[in-house]
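Asker: predicted model, plus sequence, below.
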Amino acid sequence: MSDFSVVGKPIPMIDAAAKTTGAGKYTDDLSLPGLLIGKILHSPHPHARIRHIDISRALELDGVVAVVTGADAPNPYGILPVGHDEHALALDKVRYVGDNLACVAAEDSRAAERALELIDVDYDILPAYFDPEESMKAERDLIHENKPHNLEKDYHHVFGNPAQGFAQADCTVEGRFIANEVTHAAMEPHSTLATFDLDPVTGNIGRLTVWSSTQVPYYLQHKLSLVLDLPMSQIRVIKPLVGGGFGGKSEVIPLEIIAAIAARKARRPVKITYTREEVCWAHRGRPRTIIDLKTGATSDGRLTAVEARVIQDGGAYCSYGVVTILYSGALLGALYDIANLQYDGYRVLTNKPACGAMRGHGTVNVRFAFESQLDEIAAKLNLDPAEIRRQNLLRPPAITVNGLRVQSYGLPECIEKVVERSGWAERKGRLGKGRGLGLACSHYVSGAANSIIRSDMPHSTVNIKIDRDGGVVVYTGASEIGQGSDTMTSQIAAEVLGCLLSRVKVVAADTDLTPIDIGSYSSRVTFMAGNATLRAAQEVKRQIASAAAQKMGCAPEELIFRDDLVFRRDAQRGVPRLEGEPSGENPSRQRSRGRTHEQANTSQASVAGRVEGQILRGSLQQKRKEDLTPKDFMTFEEAVVAAIDFHGALTGTGSYAPPAAARGGKYKGAGVGPSPAYSYSAQVAEVSVDEETGQVTVHKVWAAHDCGRALNPVAVEGQVIGSVWMGMGQALTEEMIWKDGLLMNPGLLEYRSPSAAESPQVEAIIVESVDPEGPFGAKECSEGALAATIPAISNAIYDAVGIRLHEAPFSPERVLAALRAKKAAKPLNLTEGVDPTRPTRFREHGGALCFKQKGPERHELDASRAR
Amino acid sequence: MTKQLVALRVNRRLHELAIESSWLLLDTLREQLQLTGSKRGCDDSSCGACTVLVDGIPMLACTLLAASCEGREITTIEGVTEHGALAAIQKAYGDWGGAQCGFCTPGFIMTVKHLLATTPKPSEEKIREALSSNLCRCTGYSQMYEAIKAAVEAEQKGLAGDEKNAPSRT
Ligand code: FES
Ligand code: FES
């Protein structure tokens, strides 16, 4: 049984009070003397050549300090090295409604907004592409000249022998699934504040400092250097509190660069904060995905082959697109044992905001299709949905047919747990009319084994410094974005060093102070930054142990660090326990939460420790004389002081790079998908369907998640519940609705992110498979659960009313249409002949700020124009 | 535009401010008074991140003119902390995972404060109804219910400030 003192405890986030009191600062809360406000002019056209931009009238307006356009920073950039196709401000062309044209920096936001109206732009309007399948046929007026047929990238992978696999199948099911576009809708709109120091010698513009709502300060520093032609060492990126990311802040968003360009021209600090509508245009969400899926199985439910053709509507720029389309294929593997696999993926450009990485990057929509189809097969073969999944489990340790290494594998236990808790055996199919249960599984990477910038550098590095005051400072580039990264870091450091959590201070995500870390995305932080923290802490611990061992007359290996004490293993019994200290037994799930123990500890121990420490500092020599008789134990602080006297400054560095064995195969595109460890999830959803209105209600979701080890159960449950909830949003209500390239619902209310009133009870069940390489066995817990929720709900709808929905979200219109088709007993393909850009809801108020003209004519290649 | 002198009472202190009549309360709080705890999350009064109490009633500061609040008692998140210590609801939100990224948290705390002031022992349904005026994108709301229940318990036992007895899960 595990015996930890800090890890595995439900500890509140270390920055909780900053958040609950409003004292914590997010980027938009920051200000500097002389601050200017930046506002951006966006394109009203989905596709147009820019003939001329005239900023002269805007410059004359009172309060306007600078106006910048594309010419002020013409270098292209993009998050992927293969996709440098963006300009912070458009140079010659705009490619979506909302594309960035110019930025005004003014004394206040009102002046900046007024100035935007005085910028005159002349366009040559071009035909635009809105539907990916139509866009792929394009011969001219391409979105990017170097991308024929508007095809960003396509991949064709064959593993095993799919033809033979299908020949062996007793049952083959085929179908088209569509998952519509969704977006992160993090509550904090993107914000950036940029300022330049003056060079102390020349008085010219010198070093750049940027505060930004980013998940990856390092990438921002890198792209700023590229666009502004500044060495990276001349750029400092600081991440204040971030109000949610979900992938939307994992790449460089135009405003982050525009603010710096404007600050350079204005020679004053500039802050830009997006409006909610601008956030929707910046987007980088989950692309609308068309999945043609074919699965074969033997009569006992063993999968023989899977063939998937996936088309993603990527929007106007590459963004993370190449990675997304690869993930969609790669993560068909590593959940079940599939011997034969064929994958054809197409990432297509259209004249809409770019899609990028969103929670469950690449896997979510394909998982929806796959798990729904698996249910169809189970129904055909008369198998229980839980049984067909058990039939296809991997036998780890394993390498999948597409080269993914699987070690810890908690999926079997996850399935058992949700089956048991939901009363699956007794209740499935017996809940009465209109109510049903559905089951589905999913998985996700604990960080990508290959980073997007090809290099051999470690993915995470952490420094730890301990000084005579006994304070432990951890310097990490990992970005806290609400998921609990800083708390995880301090828990691991405190556990390894056996000190109080309150001793640990985390300095994070500041490129001047913290070592390079490739940031918070692809669920990599706990595994990678966690391992780096663990190693750094072990290194410092070794130094303390060798000094303490000398004092205590024993070998360093005999020492135990725990509960803020350092003691000899054999002397454990004689060591006094501090009152109110956790006794070390396994935490029961019922135990109280909060800072109780921790704070009781802090106050008593630190008072004792401090007095003791001061004696040491004050009259060290005197004390040393007394210390001639070896002791049984020392306080942590005494041991630290001993080590500093012995070694000098106490510092340690740890880093993490994924092992070669986890980096995947050698084929083209093999770099995406491999991970040192995968998390596993199984879920049962209970839903009811109103057959009159088509309204689907989710009553409860049981979600079992294998996170390796729960370093902090409250945080793990919070991540799992949040993922399930976000999956439910995509399953039922969330959808970005487009009309001629114009977003019809650019607000939270119209986008329909679920409120408390429509949110189900989620029972999070933690499964711990203890990964051999994770820090204390931990893996990811923030993304994997999301993908199972959508198919669990769709399978539950099938159980409730016998309809199989092939297009998400399962809106009342789609449910009603399917119910009607079922009654009429003739199959209806909802997706055939329907203009995919046709809106189903309209905005009822408001309107695009800068959109003054009607949308352009539909392109002649646009299918809907014929009608 | 010309400015007028307005006296705003915020968190029990009176501030005389020169503001334009078109200025919103949210911008005035954030920019003139540096009370940045209230957040802006949307353009169309849909998120509740800017919720403040005006004469004890939760209002959206992004949809109120600052000048119209003259003579009212405005309470922001900065005014919730009791005698320098966390209020029971603030501690409970921290302990029970009610705040992840924390951007929505100030708004929720103001909403919950009003809920608990008017309904000291709210049912789960009542809690859901009250919370539905605000949006959160991180938590799925579940852990907020736990936090609110814990805060209610703590208030009842009068243990809000007693660190030795954290609420236990029920
Ligand atoms: S800022 Fe969203 S409701 Fe006020
Ligand atoms: S905690 Fe992030 S939006 Fe609520």
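Answerer: Okay, I see it. Quick caveat, the model's predicted, so the values are computed rather than measured. Ligands and ions are numbered 1, 2, ... in the order given.
Asker: next up, the contacts around residue 26.
Answerer: Using chain A. Counting by Cβ atoms under 8 Å, 6 or more residues apart in numbering or on different chains, A:Y26 makes contact with A:188, A:191, A:213, A:240-243, B:39, B:103. For the C-beta atoms, the positions are set from N, CA and C on the backbone; glycine is no exception.
Asker: not what I meant, chain B
Answerer: Shown in contact with B:L26 (Cβ under 8 Å, 6+ apart): B:38, B:40, B:50, B:61-62, B:64.
Asker: what do you get for A:S299?
Answerer: So A:S299 contacts A:170-171, A:381 (Cβ under 8 Å, 6+ apart).
Asker: now a PyMOL select for only the buried ones of those.
Answerer: Restricted to buried positions by 16 or more other Cβ atoms under 10 Å in any protein chain shown, the PyMOL selection for these reads:
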select buried, chain A and resi 171+381
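Asker: and which of the contacts of A:S299 is nearest to chain B?
Answerer: For the contacts of A:S299, the minimum distance to chain B (Cβ to the nearest Cβ) is 34.7 Å, reached by A:L381.
Asker: give me the secondary structure label for A:F370.
Answerer: Three-state call for A:F370 (DSSP: H, G, I helix; E, B strand; the rest coil): helix.
Asker: residues near it, how many?
Answerer: Residues lying near A:F370 (other Cβ atoms under 10 Å in any protein chain shown) number 27.
Asker: could you report the separation of it from A:D313?
Answerer: 20 Å (Cβ to Cβ, to the nearest Å).
Asker: do a quick rundown of the strands in chain B.
Answerer: For chain B, strands defined by DSSP state E occupy the ranges B:3-10, B:13-20, B:51-54, B:57-60, B:73-75.
Asker: so can I have TSV of those showing distance to A:L208 and mean pLDDT?
Answerer: TSV is the format used below for those (distance: least, Cβ to Cβ, whole Å; pLDDT from 0 to 100):
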stretch	distance to A:L208	mean pLDDT
strand B:3-10	35	96
strand B:13-20	34	96
strand B:51-54	36	98
strand B:57-60	36	98
strand B:73-75	38	98
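Asker: mind putting these into JSON lines with distance to A:E60 and mean neighbour count?
Answerer: Formatted as JSON lines, the strands of chain B follow (distance: least, Cβ to Cβ, whole Å; neighbours: other Cβ atoms under 10 Å in any protein chain shown):
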{"stretch": "strand B:3-10", "distance to A:E60": "24", "mean neighbour count": "16"}
{"stretch": "strand B:13-20", "distance to A:E60": "22", "mean neighbour count": "13"}
{"stretch": "strand B:51-54", "distance to A:E60": "38", "mean neighbour count": "24"}
{"stretch": "strand B:57-60", "distance to A:E60": "36", "mean neighbour count": "18"}
{"stretch": "strand B:73-75", "distance to A:E60": "39", "mean neighbour count": "20"}
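Asker: nearest to A:K265, out of the ones you listed?
Answerer: A:K265 lies closest to strand B:13-20 among those, at 28.2 Å (Cβ to Cβ).
Asker: now A:L393: phi and psi?
Answerer: Phi and psi for A:L393, reported as degrees, to the nearest 10, are phi -70, psi 150.
Asker: what does chain A have sitting close to ligand 2?
Answerer: By Cβ under 6 Å from any ligand atom, the residues of chain A that approach ligand 2 are A:187, A:244, A:482.
Asker: helix/strand/coil for the second one?
Answerer: To tie it back to what came earlier, the one meant is A:G244. Assignment for A:G244 (three-state DSSP): coil.
Asker: what number of residues lie near the closest residue to it other than its chain neighbours?
Answerer: Counting by Cβ to Cβ, 6 or more residues apart in numbering or on different chains, A:G244 lies nearest to A:A186, which is 3.3 Å off, once chain neighbours are set aside. A:A186 sits with 24 neighbouring residues when counted by other Cβ under 10 Å.
Asker: ok, A:A186 - contacts?
Answerer: A:A186 neighbours (Cβ under 8 Å, 6+ apart): A:243-246, A:248-249, A:279, B:101, B:103, B:137.
Asker: so which bits of the helix or strand containing A:I311 are buried?
Answerer: A:I311 is part of strand A:303-313 when elements are defined by DSSP states H and E. For strand A:303-313, a neighbour-count test (16+ other Cβ under 10 Å) marks A:303-313 as buried.
Asker: need those in CSV (columns: pLDDT and distance to A:C707).
Answerer: Below are the buried residues of strand A:303-313 laid out as CSV (pLDDT from 0 to 100; distance: Cβ to Cβ, whole Å):
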residue, pLDDT, distance to A:C707
A:L303, 98, 26
A:T304, 98, 32
A:A305, 98, 31
A:V306, 98, 27
A:E307, 98, 32
A:A308, 98, 28
A:R309, 97, 33
A:V310, 97, 28
A:I311, 97, 33
A:Q312, 98, 29
A:D313, 97, 32
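Asker: now for the residues you listed: which two are most distant?
Answerer: So, those by Cβ to Cβ: farthest apart are A:T304 and A:D313, at 31.0 Å.
Asker: still on that earlier bit, so which of the contacts of A:A186 also contact ligand 1?
Answerer: Answer for these near ligand 1: none qualify (Cβ under 6 Å from any ligand atom).
Asker: out of these, the closest to ligand 2 would be?
Answerer: For the contacts of A:A186, the minimum distance to ligand 2 (Cβ to the nearest ligand atom) is 3.4 Å, reached by B:C101.
Asker: got a list of what the closest residue to the closest one other than its chain neighbours touches?
Answerer: Nearest residue to B:C101 in three dimensions, chain neighbours excluded: A:G482, at 2.7 Å (Cβ to Cβ, 6+ apart). Counting by Cβ under 8 Å, 6+ apart, A:G482 touches A:242-245, B:100-103, B:138.
Asker: ok, A:I452 next?
Answerer: Taking Cβ under 8 Å, 6+ apart, one finds A:79-81, A:323 in contact with A:I452.
Asker: now secondary structure and distance to ligand 1 too, for those, in CSV please.
Answerer: Formatted as CSV, the contacts of A:I452 follow (DSSP: H, G, I helix; E, B strand; the rest coil; distance: Cβ to the nearest ligand atom, whole Å):
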residue, secondary structure, distance to ligand 1
A:I79, coil, 29
A:L80, coil, 33
A:P81, coil, 38
A:V323, helix, 33
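Asker: count the neighbours of residue 137 for me.
Answerer: As the question left the chain open, I've gone with chain A. 12.
Asker: that's the wrong chain, I meant chain B
Answerer: Count around B:R137 with other Cβ under 10 Å applied: 28.
Asker: same thing with A:K631?
Answerer: Close neighbours of A:K631, defined as other Cβ under 10 Å, add up to 15.
Asker: any idea what sits nearest it, other than its immediate chain neighbours?
Answerer: Computed as Cβ to Cβ, 6+ apart, the closest residue to A:K631 that is not its neighbour in sequence is A:M552, at 5.6 Å.
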